[in-house]
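Q: could you look at this predicted model? Sequence included:
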Amino acid sequence: MFSRPSATGDALLTTEQLTVRFGQQPVLDNINLVLRPGRILTLIGPNGSGKSTLVKTLIGAIKPSAGRIIRSPDLSVGYVPQRLHLDPTFPMTVRRFINLPKRHASHEIGEALEQAGAEHLLNAAMNHLSGGQLQRVLLARALLSRPSLLLLDEATQGLDHRGVAEFYQRIEQIRQRSQCAVLMVSHDLHVVMRTADHVICLNGHICCEGQPERVASSPQYQALFGDQTASTLAFYRHQHTSHHDEETLRHAG
Amino acid sequence: MLDDFMWRAALAGLGVGLAAAPLGCFVVWRRMAYFGDATAHAAILGVALALLWNISIFVGVIGIALLMAFCVSTLSGKGYAMDTLLGVMAHSALAIGLVAVSFVSGVRIDLHAYLFGDILAVGKSDLAIIWSGAVLVIGLMLWRWQALLTATLNEELAHASHINPRREQLVLTVALAIVVAVALKVVGALLIAALLIIPAATARPFSRTPEQMALLAALVAMAATTGGLGAAYTFDTPTGPTIVSLAAAFFVISTLASQGWQRLARR
């Protein structure tokens, strides 16, 4: 059998020179990225840098003005939105919500809720959930479509530090178990540095990308995240300290 | 049985209630109350044009209601706040419709019947139209039910599941035009929106799922149309307003009951 050509061989989703304009206003310019099974790609960038626009373009909610999105036939997207505003007049239980738009067998629902840490919420009313509970339910719903790509748009907004850490631990477990690709938009630089395989720093265009530590030490990144950078790097290296003393020495030297 | 005008009126009321209630739930969930009003008020213009061109009133009303709905959809997001835009459209449609009716010479039409409904005058052909419309609307809602709910929850979630929220909006728009056309004879242009919203609002406190709310709203609407019809006949009051008044009474009872229940539960 032929080996498939080029670097995009096992890609689930590839964008080529993706450009989005709102009217005359350029929002995303020339975005090239590749999502692969089992890999976590994290998008970081200041407010208004186009992170959410990029996610919305990838799920098809926004049409690109130029460039293209190549989707593998194996692609199925599990999407966890930034937030979910439920009108108080709209009655909805968790059970009903995760059966939209497709109904699922109850053992599948149980499994997804368990993976997301929301098994006790099955019969709860959606508008009585706390922020953290809602995130877990949204994650469970995304998992039910057996996604090959999990898209998380600032899914940890409004969670406390412990909540954020737990959430990413869960994502890590899911990634390991299902070998799905993960694209997450995040503000939590600490977590980004620890969980991502590849980081893209966005500011309308891709200003730098690569492995987390390379991105964090790049001048473009530091120009964008100036004051946060020092503490984040310190935190990151601190994490390493406990495991790799020699490496810390090298950094220090 | 169909030869008795009371039976025809009752069946008309049941059909309209059955079709209006589930759609009314979406009107409430998506905050489209004014949209419903604008579409319903435009019906008067449809009546005028139908008389002018000598076509079926049902066709005229559906046509104008659809046109109105499309105008609102196109104009929204072009610089005006939605409630301002709908306020302008709803009242202009009514005013222009009333002016247009005055141009229809020859036949003196009973404007009152189109504004407030005339359920006692429902004929066999009206009944056939009402029930065909009701069956069509219910079929449409059942067919798109899961997709409509998803698109109502969140547009991005819908997109990610390959559901186009604009297409679902179009389904609701078409359903709304049909309901306006079939409800015109029963409650009249001014009160159609009430028949959409009040049963849904009455059902809300006692529903945990969208399906429960839609079914309960249908029961409330059917009770209001048939009960209102009976009351109007007994007390010799105008039918449309009596139906809506009864629905409003159900709403008040439902609200008081649910608040009382909550207070009891808290103790």
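A: Structure received.
Q: what packs against the helix or strand where A:V137 lies?
A: Assigned by DSSP states H and E, A:V137 falls within helix A:131-144. Contact partners of helix A:131-144 among helices and strands, from 3 or more C-beta pairs under 8 Å, 6 or more residues apart in numbering or on different chains; DSSP states H and E: strand A:77-80, helix A:94-98, helix A:106-116, strand A:149-153, helix A:161-178. C-beta coordinates here come from the backbone N, C-alpha and C atoms, glycine included.
Q: how about 6 Å then?
A: Judged by 3 or more C-beta pairs under 6 Å, 6 or more residues apart in numbering or on different chains; DSSP states H and E, helix A:131-144 is in contact with strand A:77-80, helix A:94-98, helix A:106-116.
Q: buried residues in that helix, which are they?
A: Residues A:132-144 are the ones in helix A:131-144 that count as buried (16 or more other C-beta atoms under 10 Å in any protein chain shown).
Q: re the thing from before, between the helices and strands packed on helix A:131-144, which gets nearest to chain B?
A: strand A:77-80 (3.5 Å; C-beta to the nearest C-beta).
Q: contacting residues around that closest one?
A: Residues external to strand A:77-80 that are found in contact with it (C-beta atoms under 6 Å, 6 or more residues apart in numbering or on different chains): A:59, A:138-139, A:142-143, A:145, A:147, A:149-152, A:155, B:160.
Q: equivalent analysis for stretch B:40-57, please.
A: B:60-61, B:64-65, B:68, B:90, B:93-94, B:96-97, B:100-101, B:104, B:114, B:180, B:184, B:189, B:192-193.
Q: per-domain residue ranges of chain A.
A: Here chain A is described, according to the TED database, as comprising the domains A:13-76+A:147-244, A:92-145.
Q: mean pLDDT added to those domains, as TSV?
A: As requested, the domains of chain A are exported to TSV (pLDDT from 0 to 100):
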stretch	mean pLDDT
domain A:13-76+A:147-244	83
domain A:92-145	93
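Q: just send those back as CSV, with distance to B:V252 too.
A: Putting these into CSV (distance: least, C-beta to C-beta, whole Å) gives the following:
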stretch, distance to B:V252
domain A:13-76+A:147-244, 37
domain A:92-145, 24
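Q: for the residue in the stretch 101-250 of chain A that chain B sits nearest to, which three-state class applies?
A: At 4.2 Å from chain B, A:P101 is the closest residue in the stretch 101-250 of chain A, using C-beta to the nearest C-beta. Look at A:P101: counting by DSSP: H, G, I helix; E, B strand; the rest coil, its state is coil.
Q: correct me, but it touches B:S161?
A: Yes: using C-beta atoms under 6 Å, A:P101 makes contact with B:S161 at a distance of 5.0 Å.
Q: who has more neighbours out of these two?
A: A count of neighbours by other C-beta atoms under 10 Å in any protein chain shown puts B:S161 above the other of A:P101 and B:S161, at 21 against 18.
Q: wait, which of the domains of chain A is closest to B:V244?
A: Closest approach to B:V244 among the domains of chain A is made by domain A:92-145 (28.3 Å; C-beta to C-beta).
Q: end to end, how far does that closest one reach?
A: 20 Å (C-alpha to C-alpha, to the nearest Å).
Q: what does chain B have sitting close to chain A?
A: B:28-29, B:146-147, B:149-150, B:154, B:156, B:159-161, B:163, B:204, B:207-209, B:213 (C-beta under 6 Å from any C-beta of the partner chain).
Q: wait, what's in contact with the residue of the stretch 101-250 of chain A closest to chain B?
A: B:Q146, B:A147, B:T150, B:S161, B:I163.
Q: go again with 8 Å.
A: Residues near A:P101 by C-beta atoms under 8 Å, 6 or more residues apart in numbering or on different chains: B:Q146, B:A147, B:L149, B:T150, B:A158, B:S161, B:I163.
Q: sorry, back to before: joint contacts of A:P101 and B:S161?
A: B:T150.
Q: pLDDT weak spots in the stretch 1-150 of chain B?
A: B:1, B:76-79, B:105-108 (pLDDT under 70).
Q: show me where the stretch 151-267 of chain B has helices.
A: B:155-160, B:165-187, B:192-203, B:210-235, B:239-266 (DSSP state H, counting those that start in this stretch).
Q: and the angle from the third one to helix B:210-235?
A: What it means is helix B:192-203. Per axes from the mean of the first three to the mean of the last three C-alpha atoms, to 10 degrees, the angle that helix B:192-203 makes with helix B:210-235 is 120 degrees.
Q: elements contacting helix B:192-203?
A: Against helix B:192-203 (3+ C-beta pairs under 8 Å, 6+ apart) you get helix B:5-29, helix B:33-53, helix B:165-187, helix B:210-235, helix B:239-266.
Q: quick one, phi/psi of the residue nearest the centre of chain A?
A: Residue closest to the average C-alpha location in chain A (C-alpha atoms, centre = their mean): A:M184, at 1.3 Å. Dihedral pair for A:M184: phi -130, psi 140, per degrees, to the nearest 10.
Q: is it in a bridge, and if so with what?
A: With beta bridges defined as DSSP bridges, A:M184 has these partners: A:T42, A:L152.
Q: surely it is in contact with A:R39?
A: No: using C-beta atoms under 8 Å, A:M184 is not in contact with A:R39, being 11.5 Å away.
Q: just the helices in the stretch 151-253 of chain A please.
A: A:161-178, A:189-195, A:212-216, A:219-243, A:245-252.
Q: how distant is stretch B:203-221 from the center of its chain?
A: 16 Å (C-alpha atoms, centre = their mean, to the nearest Å).
Q: to clarify, my last question referred to stretch B:110-120.
A: Relative to the chain's own centre, stretch B:110-120 is displaced by 15 Å; criterion: C-alpha atoms, centre = their mean.
Q: do the same with stretch A:43-61
A: With C-alpha atoms, centre = their mean, you get 11 Å for stretch A:43-61.
Q: pull the number of nearby residues for residue 193.
A: Since you didn't name a chain, this refers to chain A. 22.
Q: you answered for a different chain; I wanted chain B.
A: 27.
Q: can you list the helices and strands packed on helix A:131-144 in JSON lines and add mean neighbour count and distance to A:N203?
A: Formatted as JSON lines, the helices and strands packed on helix A:131-144 follow (neighbours: other C-beta atoms under 10 Å in any protein chain shown; distance: least, C-beta to C-beta, whole Å):
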{"stretch": "strand A:77-80", "mean neighbour count": "27", "distance to A:N203": "24"}
{"stretch": "helix A:94-98", "mean neighbour count": "22", "distance to A:N203": "35"}
{"stretch": "helix A:106-116", "mean neighbour count": "17", "distance to A:N203": "32"}
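Q: and those: which comes nearest B:G17?
A: Per C-beta to C-beta, nearest to B:G17 of the helices and strands packed on helix A:131-144: helix A:94-98, 24.4 Å.
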